[in-house]
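Novice: Model the following, please.
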Amino acid sequence: MADTLSQAEIDSLLSALSSGEIDTEELNETPEKTVKNYDFARPSKFSKDHLRTLKIIYENYGRLLSTNLPAYLRKNVQVDVMNAEANTYSEFSNALSNPVLLGVVNFAPLEGNIVVELAANLGYAIVDRMLGGFGKPLERNRDFTEIELVIVERILEVCTNLMVEPWESVEAIEPHLERIETNSQFAQFISPSEMTAIVTMNIKVGDTEGLMNVCIPYTCVEGVIERLNTRYWYSAMKQDSSGAYKDAIEDIIDYAKIPVRAMLGRSSISVNDFANLQTGDVIKLDTKVSDELNVYVGNIKKFTALPGAASNSYAVRLTSVIREEQ
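Specialist: Predicted structure coming up:
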């Protein structure tokens with residue numbers, strides 16, 4: 001709450017107004033409203049929330065790349081999402097250099113294609129690594145040969161298939177790499193004035209570092225643009241994780257193999273006795289023949305059992321289950 005003026009302050013203010021020390025026009029002045037220019041040639045179809053959601057999606061995608069690509073390249077791979085911004089496709093295509101690696105990805109069932117640009121030095125490093133080299137780029141760029149393009153295409157197909165999981169909270173997609181272009185002049189896949197969202201990722205393969213840009217046209221995601229927000233994305237992700245992930249983890253655990261051992265008993269002997277053990281010697285244990293044995297799953301005691309035999313093999317018959325509270 002504002003402080004109340006005293007009578008002395010009120011008198012001082014009135015005298016200042018009457019003497020002209022304070023201009024009444026200055027008191028009546030109001031600041032001018034700022035007007036933001038709107039470019040009708042470049043309407044901002046992607047809001048900040050859309051770009052923020054795309055960045056989250058491709059951060060998840062970057063983690064998948066870091067996990068899966070080392071299996072093919074046998075090199076450590078680090079992926080960092082730098083930013084997500086909205087630009088016209090002409091601005092994206094004009095920034096391309098020659099040679100360039102452009103993967104045209106069919107984003108079915110969404111309409112249209114997206115474009116994945118991979119830095120040329122990363123392409124040379126991938127080829128060198130796949131052919132048994134150290135993964136070093138060329139000192140001077142040149143056009144890719146047909147054999148090199150086939151090698152790069154296989155890696156881009158892996159990268160394309162990894163987009164399924166990050167996008168499943170928005171739409172169940174079935175991406176397919178249609179072709180690779182190396183000349184930026186033939187990169188006019190959509191209208192130059194079409195608005196696109198460009199997600200930039202920094203990829204480091206060993207000591208080689210370069211950029212990967214994912215260009216997503218608005219027409220491609222127009223049908224699911226309402227789902228491209230953080231609130232929907234997180235809620236869908238939470239719903240999916242409650243059922244599908246639980247079932248998948250349970251299936252994996254069901255087939256996991258764990259060691260099970262039955263402890264007949266324990267004994268302590270001297271090193272001299274151990275060194276002089278002979279066939280037929282008897283070692284006395286701390287258990288009786290009628291005592292139950294402890295059965296361990298891994299290193300945890302889980303059951304008690306009685307010794308026996310089954311089909312010419314030693315066996316135990318479980319008598320009780322040891323719970324955690326016991």
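Novice: what about Val316, neighbour count?
Specialist: Applying other Cβ atoms under 10 Å, we find 20 residues neighbouring Val316. Every C-beta, even on glycine, is put in place using the N, C-alpha and C of the backbone.
Novice: name the helices or strands packed onto the helix or strand containing it?
Specialist: Assigned by DSSP states H and E, Val316 belongs to strand 313-321. Contacts defined by 3 or more Cβ pairs under 8 Å, 6 or more residues apart in numbering; DSSP states H and E place strand 313-321 against strand 293-297, strand 300-310.
Novice: Check the average confidence over stretch 8-19, would you?
Specialist: Averaged over stretch 8-19, pLDDT sits at 75.
Novice: now swap in stretch 112-120 and tell me
Specialist: Stretch 112-120 shows a mean pLDDT of 89.
Novice: For the closest residue in space to Tyr58 that isn't next to it in sequence, name its beta-bridge partners.
Specialist: With Cβ to Cβ, 6 or more residues apart in numbering as the criterion, Tyr58 has its nearest non-adjacent residue at 4.7 Å, and that residue is Val199. On the basis of DSSP bridges, Val199 is bridged to Ala84, Val214.
Novice: My read is that Val199 contacts Lys55, right?
Specialist: Yes: with contacts counted by Cβ atoms under 8 Å, Val199 reaches Lys55, the gap being 6.6 Å.
Novice: Look at those two and report which has more neighbours.
Specialist: Neighbours were tallied for Val199 and for Lys55 using other Cβ under 10 Å; the higher tally belongs to Val199 (24 against 19).
Novice: Name all residues that make contact with Tyr58.
Specialist: Contact partners of Tyr58, counting by Cβ atoms under 8 Å, 6 or more residues apart in numbering, are Val81, Ala84, Pro166, Val199, Met201, Val214.
Novice: redo that, cut-off 10 Å
Specialist: 64-65, 79, 81, 84, 163, 166-167, 199-201, 212, 214, 216 (Cβ atoms under 10 Å, 6 or more residues apart in numbering).
Novice: tell me the secondary structure for Ile216?
Specialist: strand (DSSP: H, G, I helix; E, B strand; the rest coil).
Novice: any shared contact partners between Val199 and Lys55?
Specialist: Val81, Met82, Asn83, Ala84, Glu85.
Novice: Now the one helix or strand the first one maps to: buried residues?
Specialist: In this structure, Val81 sits in strand 77-88 according to DSSP H and E. Applying a neighbour-count criterion of 16 or more other Cβ atoms under 10 Å, the buried positions in strand 77-88 are Val77, Val79, Val81, Ala84, Ala86, Thr88.
Novice: thought the third one was touching Tyr61?
Specialist: Yes: because the distance of 8.3 Å satisfies Cβ atoms under 10 Å, Val81 is recorded as touching Tyr61.
Novice: who touches both of the two?
Specialist: Counting by Cβ under 10 Å, 6+ apart, the common neighbours of Val81 and Tyr61 are Val199, Met201, Val214.
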